[in-house]
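Chemist: Could you look at this predicted model? Sequence included:
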Amino acid sequence: MRKKISFVVLTHNGAAARQFCMSWAALRWLLVLAVGVAGAALFVGIDYVQLKRAALQLGQREAELSALLASQSGEVDLQRRQIGEFAAQINALKERLLALNQFEKKIRVMADIEKRPDAGHLFGMGGSIPKTMDPKAAFSEERNSLLREMHAQTTQLEVGLVNQSDSFKTLVTHLEQQQRLLASTPTIRPIDPGLESWVSSKFDWRISPFTNQREFHKGYDIAAREGTPIYAAAGGVVTFSGAKGLLGKAIIVDHGHGLTTVYGHCSRLLKTQGERVSRWDTIALVGNSGNSTGPHLHYEVWVHGVPVNPEKYFLN
């Protein structure tokens, strides 16, 4: 007969006690089962805690990754917008540069100034105009090609700006020279055409009123009332002021660039030798001095020591 162990269960409510009998072998199996269940429960509990911790960490990593991706996405979008804006600015700068180049061409046509034969094209060798870039390409798969094109066009624009600057410098220098030449060119009639006056003799062959012989008249005579103002035909320096033989009282003005004007038969001289005069300055008054048949101005224009027809210079 196998030995058994008894368990008596007592209650607090006065109910009859209960007795359980179990063999030692069964008890041992029960203990083994209890330990196994407890171990399994402990193992499951630990594993659950670890899984829960891992799940929390995974959630945190997921949140961090989402934030990072969102941040990177925002940076990428910002970069794309900046690339697109830069491409648009390059297009605008190129249009302005081309407009300036066209403006320069118009000025050169108006001033009859040709470019030097050795002057290069605006954008250097080849001279081709860079194509217009599409700023929207920054948001497509063509972004890399857009970046390469932007780099190439930036280099071309730098060359174009340098060439345009040099071209403008030569144009401005030429215009300044032209301006000085124009300021020194006797372009007005020395007597106001609005006053009572008339041309009595031109730059041409004529019969001399003194010798009755055919002679070449190298001046331009304007008859007017005595005392009528005589104007400097251009800016310059008075190189002579006084009596000059047959011309009577006369003034000679050197305008530079080989241009000289002579004003003869004056009644009064208002400028002295060495004085600087400007166009429209009153330099003398009409008279009848010297070899003259009546009040008038004898006006001459000389270019590098050679008398020329004053009429071809008149603009008024």
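Modeler: Thanks, I have the structure now.

Chemist: Quickly list the domain ranges of the chain.
Modeler: As assigned by automatic domain parsing, the chain contains the domains 4-9+18-76, 79-183, 197-313.

Chemist: okay, now residue 159: neighbour count?
Modeler: 15 (other CB atoms under 10 Å). Where you see a C-beta, it was placed from the backbone N, CA and C, and this is true even at glycine.

Chemist: for residue 202, same thing?
Modeler: Neighbours of residue 202 (other CB under 10 Å): 14.

Chemist: in the sheet, who's paired with the residue nearest to it when sequence neighbours are not counted?
Modeler: Nearest residue to residue 202, sequence neighbours excluded (CB to CB, 6 or more residues apart in numbering): residue 220, at 6.1 Å. Residue 220 has these beta-bridge partners by DSSP bridges: residue 299.

Chemist: roughly how far apart are residue 220 and residue 206?
Modeler: 12 Å (CB to CB, to the nearest Å).

Chemist: swap in residue 91?
Modeler: Counting by CB to CB - residue 91 and residue 206 are separated by 68 Å.

Chemist: Have a look at the two and say which one is more surrounded.
Modeler: Between residue 91 and residue 206, counting by other CB under 10 Å, residue 91 is the more crowded of the two (17 against 14).

Chemist: looking at this, that one is in a helix?
Modeler: Yes. The assignment for residue 91 by DSSP: H, G, I helix; E, B strand; the rest coil puts it in a helix.

Chemist: count of neighbours near the residue nearest to residue 202?
Modeler: The number of residues packed near residue 220 is 22, by other CB under 10 Å.

Chemist: Please give me every residue in contact with it.
Modeler: 199, 201, 202, 203, 298, 299, 300, 301, 309, 310, 311 (CB atoms under 8 Å, 6 or more residues apart in numbering).

Chemist: Quick check, the fifth one in contact with residue 261.
Modeler: If I follow you right, that is residue 298. No. Residue 298 lies out of contact with residue 261 (CB atoms under 8 Å); the separation is 11.3 Å.

Chemist: Please enumerate the helices of the stretch 201-316 of the chain.
Modeler: Taking DSSP state H, counting those that start in this stretch, the stretch 201-316 of the chain contains no helices at all.

Chemist: mind showing which ranges of it have poor pLDDT?
Modeler: The stretch 201-316 of the chain contains residues with pLDDT under 70 at 210, 316.

Chemist: sorry, back to before: so how far is residue 276 from the residue nearest to residue 202?
Modeler: From residue 220 across to residue 276, the span is 24 Å (CB to CB).

Chemist: all strands of the chain, in order?
Modeler: 4-9, 18-23, 197-201, 204-207, 214-217, 220-224, 229-231, 236-243, 249-256, 259-269, 276-277, 282-286, 296-303, 306-308 (DSSP state E).

Chemist: Can you list the strands that the shortest one pairs with?
Modeler: This points to strand 276-277. Sheet pairing here is set by DSSP bridges, and for strand 276-277 it gives strand 236-243 (antiparallel).

Chemist: any idea of the angle the partner strand forms with strand 282-286?
Modeler: Strand 236-243 and strand 282-286 meet at an angle of 30 degrees, taking axes from the mean of the first three to the mean of the last three CA atoms, to 10 degrees as the criterion.

Chemist: residues in contact with the nearest residue in space to residue 86 that is not next to it in sequence?
Modeler: In this structure, residue 86 finds its nearest non-sequential neighbour in residue 150, 6.5 Å apart by CB to CB, 6+ apart. Contact analysis of residue 150 by CB under 8 Å, 6+ apart lists 83, 86, 87, 90, 133.

Chemist: Next: residue 82.
Modeler: For residue 82, the contact set (CB under 8 Å, 6+ apart) is empty.
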